[in-house]
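**Student:** sequence below, structure please.
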Amino acid sequence: MEKNFYQPLSANVAPKFGAPTTFMRLPQREDASGLDACFYGLPMDWGTSARSGTRLGPRQVRAESTQIRPYNMGTGAGPFSSLSIADIGDAPLNPYNLLKSVEAIEEFVTKKIIDFNCIPLAIGGDHTVLLPILRAVAKKSGPVCLIHVDAHADTNDVMQGETIAHGTPVRRAFEECLIIPDHSIQIGLRGSGYSAEDFDWGKQKGIRVVEAEKCWHKSLTPLMSEVRQLVGNRPTYLSFDIDALDPAYAPGTGTLEVGGLNPIQALEIIRGCQGINLVGCDCVEVSPPYDPYGRTATLAANLLFEMLCVLPGANYKGSAV
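**Tutor:** Numbering: from 1, shown residues only. The predicted structure is shown next:
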């Protein structure tokens, strides 16, 4: 089948404030048939434990993505010339039932994306969504290496007596053998905890943990060189919680922690994934009500574009990665 290289709608054709409300104003498709990669929304916040509002994240991130042009001038990436990319809309979620929503996400990602051998790029949504996404991805790739960028470890056993919530997906993924712990990493963990051992569970299971303090005043380019060696050629999933960034840069999120990463470090992390066998990515926990100026959603949209630019097969100045 001949591949269609869809292009974002240019502002020279229609103004940025109008036309499609898709990511970068790409065409909207019903499923990922014929696509190499696709964006999809997970408008959910009923897995959160504090401030809600992430149900509005996908819509706002798409709105801010109209500012992004199709070529990455910093890296030379032009993914739309080598990959077929579209937006396939939002998963059909049930705002009255978290567990049914988790099931719906797994089914949506499986049947609409993975079954078509397409790489999913999720716009969240609270971080509960990571678990069903990994369940879907693992059906094709098997257990994956996890690059988890977050202020929080998300390794709680229970939250208010519940085993599935936005603070538990990494622990559940480990228990369900969805990740390869010895080849996974968590970057940016920080803040206060319920015990002095809050970040130790992942370490004990073999996950490398790089706390935020170890990132202060540093370029993360050397760290990402180590990450590329850690994951090798294994299938790898990148999950980026926007609260990994300091609240000064990303105030629109649910669980703020001071002393976080800065946007340049975020770019270093994602650009450092070039050459990794990425089988999926997400950017989650964007809560527009807590950022009326759209800074957080703008940052998230750009991080998702950067993720697109490092996918296998993305074109870099005439040569695919």
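**Student:** centre-most residue in the chain?
**Tutor:** residue 282 (1.6 Å; C-alpha atoms, centre = their mean).
**Student:** now that residue, what are its backbone angles?
**Tutor:** phi -150, psi 160 (degrees, to the nearest 10).
**Student:** can you pull the contacts of it?
**Tutor:** Neighbouring residues of residue 282 by C-beta atoms under 8 Å, 6 or more residues apart in numbering: 121-125, 129-130, 133, 238-240. In short, each C-beta sits where N, CA and C put it, glycine included.
**Student:** out of those, which two are the most distant from each other?
**Tutor:** 125 and 238 (15.3 Å; C-beta to C-beta).
**Student:** picking that back up, can you tell me how far the residue nearest to the centre of the chain sits from residue 241?
**Tutor:** Separation of residue 282 from residue 241 (C-beta to C-beta, to the nearest Å): 9 Å.
**Student:** same question for residue 190.
**Tutor:** From residue 190 to residue 241 the distance is 12 Å (C-beta to C-beta).
**Student:** who has more neighbours, those two?
**Tutor:** residue 241 (27 against 23; other C-beta atoms under 10 Å).
**Student:** right, and the more buried one touches residue 285 too?
**Tutor:** Yes - with contacts counted by C-beta atoms under 8 Å, residue 241 reaches residue 285, the gap being 4.9 Å.
**Student:** now do the shared contacts for the two.
**Tutor:** In contact with both residue 241 and residue 285: 127, 253, using C-beta under 8 Å, 6+ apart.
**Student:** and residue 229, what is it in contact with?
**Tutor:** Counting by C-beta under 8 Å, 6+ apart, residue 229 has no contacts.
**Student:** quickly find the element holding it.
**Tutor:** helix 221-231 (DSSP states H and E).
**Student:** what mean pLDDT does that helix get?
**Tutor:** Averaged over helix 221-231, pLDDT sits at 98.
**Student:** do stretch 127-135 as well
**Tutor:** Rounded mean pLDDT across stretch 127-135 is 98.
**Student:** pull the CA atoms of that stretch into PDB?
**Tutor:** Only the C-alpha atoms of stretch 127-135 are listed here, as PDB (Å, rounded to 0.1, in the frame of the first residue of the first chain):
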ATOM      1  CA  HIS A 127      -0.400   9.000  34.700                       C
ATOM      2  CA  THR A 128      -2.700   6.100  35.400                       C
ATOM      3  CA  VAL A 129      -2.900   5.800  31.600                       C
ATOM      4  CA  LEU A 130       0.700   4.400  31.500                       C
ATOM      5  CA  LEU A 131      -0.400   1.000  32.800                       C
ATOM      6  CA  PRO A 132      -3.000   0.200  30.000                       C
ATOM      7  CA  ILE A 133      -0.700   1.600  27.400                       C
ATOM      8  CA  LEU A 134       2.100  -0.700  28.500                       C
ATOM      9  CA  ARG A 135      -0.300  -3.600  28.500                       C
END
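**Student:** give the burial count for residue 180, as a bare number.
**Tutor:** 19.
**Student:** I'd like the next helix or strand past the helix holding residue 229.
**Tutor:** Downstream of helix 221-231 (by DSSP H and E), the next one is strand 236-241.
**Student:** quickly note the distance from the residue nearest to the residue nearest to the centre of the chain when sequence neighbours are not counted to residue 158.
**Tutor:** Nearest residue to residue 282, sequence neighbours excluded (C-beta to C-beta, 6 or more residues apart in numbering): residue 122, at 3.7 Å. According to C-beta to C-beta, residue 122 stands 25 Å off from residue 158.
**Student:** and for residue 37?
**Tutor:** Residue 37 is 35 Å from residue 158, by C-beta to C-beta.
**Student:** ok, these two, which is more surrounded?
**Tutor:** residue 37 (24 against 12).
**Student:** ok, now which ones touch residue 283?
**Tutor:** 61, 122-124, 240, 242, 300, 303-304, 307.
**Student:** any idea what it is bridged to?
**Tutor:** residue 123, residue 240 (DSSP bridges).
**Student:** picking up where we left off before, pLDDT check: weakest of the contacts of residue 283?
**Tutor:** residue 124 (94).
**Student:** quick one: it and residue 59, what's the gap?
**Tutor:** 12 Å.
**Student:** repeat for residue 32
**Tutor:** 21 Å.
**Student:** who has more neighbours, these two?
**Tutor:** The residue with more neighbours, out of residue 32 and residue 59, is residue 32; 25 against 16, by other C-beta under 10 Å.
**Student:** just checking, the more buried one touches residue 111?
**Tutor:** No - in this structure, residue 32 is not within contact of residue 111 by C-beta under 8 Å, at 9.7 Å.
**Student:** for the residue lying closest to residue 158 once chain neighbours are set aside, give me its contacts.
**Tutor:** Nearest non-adjacent residue to residue 158, counting by C-beta to C-beta, 6+ apart: residue 168, 7.3 Å away. Contacts for residue 168 (C-beta under 8 Å, 6+ apart) come out as 128, 131, 154-159, 162.
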